[in-house]
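Q: give me the fold of what follows.
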Amino acid sequence: ATAHNLGAGLRRKKKSVLFIDLDSQTNLSYTMDASTDGLTILDVIQDGADINEAIQHTAHGDIIPGTPGLATADNTITATGKEYRLKEALEALNTKYDYIIIDTPAQLGILTINALTAANNAVIPVQTEIYSLQGIGLLNETIDAVKKYTTPLLYVKGILTTRYNSRAVISRDMQDNITDLAKKLYTKCYTVP
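A: Coordinates of the predicted model:
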């Protein structure tokens with residue numbers, strides 16, 4: 001939902017946006033009415049399919065859809081240079097889009113590393129729950145490794161809390177904890193209105 005809403009907001013500002021669905025649940029593809037039967041992002045990063053041919057034009061914008069087959073990517077994308085597959089594929093698009101929004105899976109595997117390697121900026125969406133703090137810590141370690149080995153200029157724009165309920169004490173407490181953690185990670189926490 002975060003990737004879709006961010007891209008939709010950019011489109012409203014007349015920016016050209018490409019969505020990429022790297023999540024095997026394919027929620028973004030479904031939301032955008034994209035077909036997961038043709039070429040998908042897995043065909044691009046695993047088999048070298050032409051990225052331009054994988055782009056679908058929907059009423060909601062341009063997207064390279066995901067596929068449930070992405071769930072096995074850690075087992076099938078294993079060759080040397082595997083973390084650069086998406087970045088190399090995106091070079092073929094040159095300056096076709098103002099923004100490319102990449103929806104990643106929750107787990108920290110080869111797909112997330114590909115997304116971070118290809119990205120200039122990252123926004124970390126988290127729920128206001130206790131396990132989010134642990135997840136942010138693990139993701140930060142992965143981001144540090146990606147910055148060290150593949151993308152030194154990767155910048156974390158901030159942490160975005162989702163499913164926030166201002167009436168729930170736990171949500172308010174977790175929002176405070178996430179804000180404190182964001183400061184320790186030298187980024188910001190987007191505030192909930």
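
Q: the worst-scoring helix or strand of the chain on mean pLDDT: which residues count as buried?
A: Of all regular secondary-structure elements in the chain, judged by mean pLDDT, DSSP states H and E, the least confident is helix 169-184 with a mean of 82. Neighbour-count burial for helix 169-184, counted by 16 or more other CB atoms under 10 Å, picks out 171, 174, 175, 177, 178, 181, 182. Quick note: C-beta positions are derived from backbone N, CA and C, even for glycine.

Q: which elements pack onto the longest helix seen in the chain?
A: Criterion DSSP state H: the longest helix present in the chain is helix 130-149. Counting contacts by 3 or more CB pairs under 8 Å, 6 or more residues apart in numbering; DSSP states H and E, helix 130-149 is packed against helix 110-118, strand 121-127, helix 169-184.

Q: adding distance to residue 27 as columns, could you present these in CSV?
A: Supplementary listing: these in CSV, determined by distance: least, CB to CB, whole Å:
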stretch, distance to residue 27
helix 110-118, 14
strand 121-127, 13
helix 169-184, 23
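
Q: just to revisit the earlier point, need the residues that contact the least confident helix or strand of the chain.
A: The contact list for helix 169-184, computed with CB atoms under 8 Å, 6 or more residues apart in numbering, reads 126, 128-130, 132-133, 136-137, 158-159, 161, 164-166, 188-189, 192.

Q: going through those residues, which ones are buried?
A: By neighbour count, with 16+ other CB under 10 Å, the contacts of helix 169-184 hold 126, 128, 132, 136, 158, 159, 161, 164, 189 as buried.

Q: which ones are touching the second one?
A: Residue 128 makes contacts with 161, 162, 163, 164, 165, 170, 171, 174, 175, 178, as judged by CB under 8 Å, 6+ apart.

Q: re the thing from before, nearest to residue 105, of the buried residues of helix 169-184?
A: Proximity of those to residue 105, judged by CB to CB, is greatest for residue 178, which lies at 20.7 Å.

Q: now the closest one: closest residue in space that isn't a chain neighbour?
A: Ranked by CB to CB, 6 or more residues apart in numbering and with sequence neighbours excluded, the top spatial neighbour of residue 178 is residue 189, at 5.5 Å.

Q: show me what the one you found is bridged to.
A: Applying DSSP bridges to residue 189 yields these beta-bridge partners: residue 159.

Q: what about the closest residue to residue 138 other than its chain neighbours, distance to residue 137?
A: Beyond its immediate neighbours in the sequence, the residue positioned closest to residue 138 (CB to CB, 6+ apart) is residue 108, lying 6.2 Å away. Per CB to CB, to the nearest Å, residue 108 is found 11 Å from residue 137.
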